[in-house]
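**Student:** what shape does this take:
(one chain, ligands or ions: 2)
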Amino acid sequence: MQVTISPGAINGTVTANPSKSAMQRAVAAALLSKGTSIIRNPGLSNDCLAALDVAQKLGAIINRTEDHIEITGNGSKLNPEKEINCGESGLGIRMFTPVAALSEQSITINGHGSLTVRPMNFFEEVLPQLDIKISSREGKLPLNIQGPLHPKNITIDGSLSSQFLTGLLMAYGAVAEDVTITVKDLKSKPYIALTLQLMEQFGIKVKEENFEKFYFGKRQQYKAGEYTVEGDWSGAAFLLVAAAVAGKAEVHHLNTQSAQSDKAILEALEKAGAGLLPGMFTVIVEKNKLQAFDFDATDCPDLFPPLVALAANCEGTTKILGVNRLAHKESDRGKTLQQEFGKMGIAIDLHGDEMLVHGGTGIKGTTVSSHNDHRIAMACAVAALTADAPVIVEDAEAINKSYPEFFEHLQKIGGIVKKEETSLTH
Ligand SMILES: O=C(O)C1=C[C@@H](OP(=O)(O)O)[C@@H](O)[C@H](O)C1
Ligand SMILES: C=C(OP(=O)(O)O)C(=O)O
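**Tutor:** Ligands and ions are numbered 1, 2, ... in the order given. Coordinates of the predicted model:
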């Protein structure tokens with residue numbers, strides 16, 4: 001799909017899409033609970049649908065109704081099929097692999113698109129320590145695993161991604177007793193806070209110390225229950241930036257007390273000088289004169305794309321830290337942002353972990369590529385609002401990974417969007 005976004009002022013109100021990070025965790029917790037859980041405001045992005053499919057293939061019974069999803073699990077006793085497919089979701093594969101390994105069945109774990117080139121070496125280093133047999137294609141998919149996982153005191157490296165730890169925590173929650181996971185150099189810490197919060201909502205308590213030690217005391221069981229998926233700060237960040245650069249927007253269903261790391265977009269907007277009115281569950285942003293800012297996105301790497309769209313509209317050079325966290329996302333995002341914003345006339349320098357965005361120089365209408373990365377497509381669409389001519393985003397269907405409603409939401413707040421189906425280029 002090719003989408004053309006025309007420059008123009010925006011103004012409108014919209015409800016944030018459901019968070020895929022929260023939804024995927026809830027699906028895993030519901031799978032591990034005995035009984036029926038009800039997930040309200042469920043996410044239906046590709047990553048969420050992949051999580052539901054994996055949970056079903058691991059033995060959950062799933063019933064989708066108009067406004068909620070019922071997931072019936074059988075506790076830590078899974079009933080897996082021989083192969084599961086995590087779609088394109090990094091969190092999906094890194095969370096469900098240790099969970100699937102609770103079973104003694106041998107299971108092949110697969111995925112597609114960018115997931116096939118993302119690193120999974122971690123599992124080969126760590127899972128054998130928990131008595132799991134594992135093989136992969138040189139650290140890449142497909143993985144073949146055979147459990148059952150025996151929780152032990154282990155020390156892991158958290159510097160590449162927090163998602164591996166999320167998976168271990170979720171799996172340990174179902175079976176662990178008197179053991180500790182120790183983590184060195186953990187990045188994306190707020191995502192672990194989100195995992196622990198979700199586990200607690202499903203009845204599992206973990207004693208956490210400085211995000212370095214995670215202690216499981218007495219054996220516990222996930223408890224089925226009702227869970228409402230929060231609005232997604234990661235997706236909403238694009239709408240809030242759109243408002244800051246091109247008009248005004250009111251976004252509902254955003255919890256400013258959320259554990260989601262990407263609510264940090266509010267700090268960046270404030271630093272840039274945007275007009276900001278955060279309420280408890282609604283955020284209103286409006287355009288102001290914007291200035292360049294410094295921001296450390298090491299623990300909220302998914303904010304890079306909206307931050308670049310913001311910085312492109314700020315007078316001066318914005319410095320964003322955390323580029324090293326971007327190499328293994330759906331694309332190598334430091335480079336893809338440099339390339340695509342470069343086409344729109346915005347110069348970006350990459351110096352090690354630091355990104356410099358030279359903003360306020362004017363955004364040019366042109367054709368850009370999503371690189372099949374949802375957040376690159378959305379960042380370019382937001383940049384288009386203040387360009388000197390329409391921007392055409394190629395392979396824009398990438399948004400379906402996290403935020404299928406994105407272009408409708410952009411239209412709802414006044415964006416001029418034209419979608420055209422194109423023959424598949426991949
Ligand atoms: O746990 C999660 O829901 C996520 C964790 C982050 O990954 P890293 O821990 O690899 O930074 C983030 O980039 C990803 O989109 C979602
Ligand atoms: C990197 C992302 O997701 P994941 O790692 O779960 O594929 C993302 O949503 O930007």
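
**Student:** ok, residue 358 - contacts?
**Tutor:** Taking C-beta atoms under 8 Å, 6 or more residues apart in numbering, we find residue 358 in contact with 317, 346-349. To be clear about C-beta, it is placed using only N, CA and C from the backbone, and glycine gets the same treatment.

**Student:** gap between whatever residue of the stretch 51-200 of the chain ends up closest to ligand 2 and ligand 1?
**Tutor:** The stretch 51-200 of the chain approaches ligand 2 most closely through residue 90 (2.6 Å), counting by C-beta to the nearest ligand atom. To ligand 1, residue 90 is 6 Å away according to C-beta to the nearest ligand atom, to the nearest Å.

**Student:** surely that residue touches residue 117?
**Tutor:** No: Residue 90 is not in contact with residue 117 according to C-beta atoms under 8 Å; the separation is 11.2 Å.

**Student:** list just the nearest of the contacts of residue 358 to ligand 2.
**Tutor:** residue 348 (18.4 Å).

**Student:** follow-up on the earlier one: neighbour count winner among residue 90 and residue 117?
**Tutor:** residue 90 (21 against 9; other C-beta atoms under 10 Å).

**Student:** from what I see, residue 276 and residue 285 are in contact.
**Tutor:** Yes: between residue 276 and residue 285 there is a contact under C-beta under 8 Å: 5.8 Å.

**Student:** now do stretch 388-407: distance to the chain's middle.
**Tutor:** Centroid separation for stretch 388-407 versus its chain: 17 Å, with C-alpha atoms, centre = their mean, to the nearest Å.

**Student:** scratch that, stretch 98-110
**Tutor:** Using C-alpha atoms, centre = their mean, the offset of stretch 98-110 from its chain centre is 23 Å.

**Student:** CA atoms only for that stretch - export them in PDB, please.
**Tutor:** Once non-C-alpha atoms are left out, stretch 98-110 reads as follows in PDB (Å, rounded to 0.1, in the frame of the first residue of the first chain):
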ATOM      1  CA  PRO A  98      10.600 -19.600  27.500                       C
ATOM      2  CA  VAL A  99       6.900 -19.900  28.100                       C
ATOM      3  CA  ALA A 100       6.600 -22.700  25.400                       C
ATOM      4  CA  ALA A 101       9.600 -24.400  27.000                       C
ATOM      5  CA  LEU A 102       7.500 -25.100  30.100                       C
ATOM      6  CA  SER A 103       6.200 -28.000  28.100                       C
ATOM      7  CA  GLU A 104       8.300 -31.200  27.500                       C
ATOM      8  CA  GLN A 105       7.200 -31.300  23.900                       C
ATOM      9  CA  SER A 106       9.700 -30.500  21.200                       C
ATOM     10  CA  ILE A 107       8.500 -27.300  19.400                       C
ATOM     11  CA  THR A 108       9.600 -25.400  16.400                       C
ATOM     12  CA  ILE A 109       9.400 -21.600  16.800                       C
ATOM     13  CA  ASN A 110       9.100 -19.600  13.600                       C
END
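
**Student:** if we can go back for a sec, any chance of the contacts of residue 358 in CSV with neighbour count and secondary structure as columns?
**Tutor:** Output for the contacts of residue 358, formatted as CSV (neighbours: other C-beta atoms under 10 Å; DSSP: H, G, I helix; E, B strand; the rest coil):
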residue, neighbour count, secondary structure
317, 16, strand
346, 24, coil
347, 14, coil
348, 22, strand
349, 12, strand
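
**Student:** save the residues you listed as CSV, and put in distance to ligand 1 too.
**Tutor:** Listed next are the contacts of residue 358 as CSV, based on distance: C-beta to the nearest ligand atom, whole Å:
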residue, distance to ligand 1
317, 25
346, 23
347, 25
348, 20
349, 23
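
**Student:** what's the closest of those residues to residue 406?
**Tutor:** residue 346 (20.9 Å; C-beta to C-beta).
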